[in-house]
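1. What follows is a predicted structure for the sequence shown.
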Amino acid sequence: MSQIKSSTFILGTVLISLAILAMVWFLGASPALSDASLANDETETIALRNAELRAETAVLADEFERIDELEAELAGLRTQIPGDDEMTAFNRYVDEVATLRGVTVLAVTADPAVQVMPLAETAAAADGTTDAPAVETTEVANLYAVAVNITVLGTYDNAIQFLDDLQRLSSRFYGVQTLNLAGQEAAEASGGKPAIVAGDVEQTISGYLFVMPVDELETTTDEPDATVDAAPEGTEAG
């Protein structure tokens, strides 16, 4: 009888012990292990992020070591696309090249600067289609185009050399869009034109100068919308 009681007591003790262990597991050990697993995942994430930051820092350090080179490149770009139209300096350059190549400048006209629009919107406007889904577009930040037409008179060879020098020798970027050459008949000087020799050509160059104001980060809303395809009335430049 005592053996039965002892066995019952031992069995009850074992069951109670198992219950206590189960409670300890669910209330303590299991959450602790879950927290440890989460902490391990967070540690791995932080380690990966730290590796990314080290790589980014290395890139920045390399760029900082090249700061003088980058500033020189920026200065060159600012020369090609200055902060204002600088038409006086450009007209002076045109006169210098014309003198060098023996052609006479008949006219230099410049339209008001217009903000450059994205190529996608310009192409859609030219196509005239309306079936395509509407796409929100914005102006190219802070970039303006100035349409400039240049007309010179001289021999064919001199006119072509003038065009080549105009683009090749200038520190200012001038993108030629169209070129028109018209043969001339012999004529005496008149109307501001010099005497013309048979075979001379009148060359009209149409293109764009570009401007990027550094102190204007965005266009004000009260300015009219315009694109580089706009053709406002030209103004005579000196």
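-> Arrived safely, thanks for sending. No experiment lies behind these values; they were computed from the predicted model shown.
2. drop to CA atoms for contacts and neighbour counts, all remaining ones
-> Noted.
3. buried residues in whichever strand or helix holds residue 90?
-> Secondary structure assignment for residue 90, by DSSP states H and E: helix 87-101. Neighbour counts over helix 87-101 (16 or more other CA atoms under 10 Å) mark 87, 90, 91, 93, 94, 95, 97, 98, 101 as buried.
4. same check, this time on stretch 107-117
-> 108, 109, 110, 111, 112, 113, 114, 115, 116, 117.
5. between those, which is closest to residue 195?
-> Nearest to residue 195 among the buried residues of stretch 107-117, counting by CA to CA, is residue 108 at 19.9 Å.
6. Quick check: that closest one touching residue 150?
-> Yes - here residue 108 reaches residue 150: they are 4.6 Å apart, a contact under CA atoms under 8 Å.
7. thinking residue 148 is in contact with residue 111, fair?
-> Yes - if you go by CA under 8 Å, residue 148 and residue 111 touch, sitting 6.6 Å apart.
8. For the helix or strand that contains residue 150, name the packing helices and strands.
-> Using DSSP H and E, residue 150 maps to strand 144-154. Secondary-structure packing of strand 144-154 (3 or more CA pairs under 8 Å, 6 or more residues apart in numbering; DSSP states H and E): strand 104-110, strand 114-115, strand 201-211.
9. Just checking, which helix or strand succeeds that strand along the chain?
-> helix 156-168.
10. Excluding its own residues, what touches that following helix? List them.
-> 94, 97-98, 101-103, 152-153, 173-175, 199-201, 203 (CA atoms under 8 Å, 6 or more residues apart in numbering).
11. and of the helices and strands packed on strand 144-154, who's closest to residue 55?
-> Nearest of the helices and strands packed on strand 144-154 to residue 55, taken as CA to CA: strand 201-211 at 35.8 Å.
12. mean confidence score for the closest one?
-> Averaged across strand 201-211, the pLDDT comes to 91.
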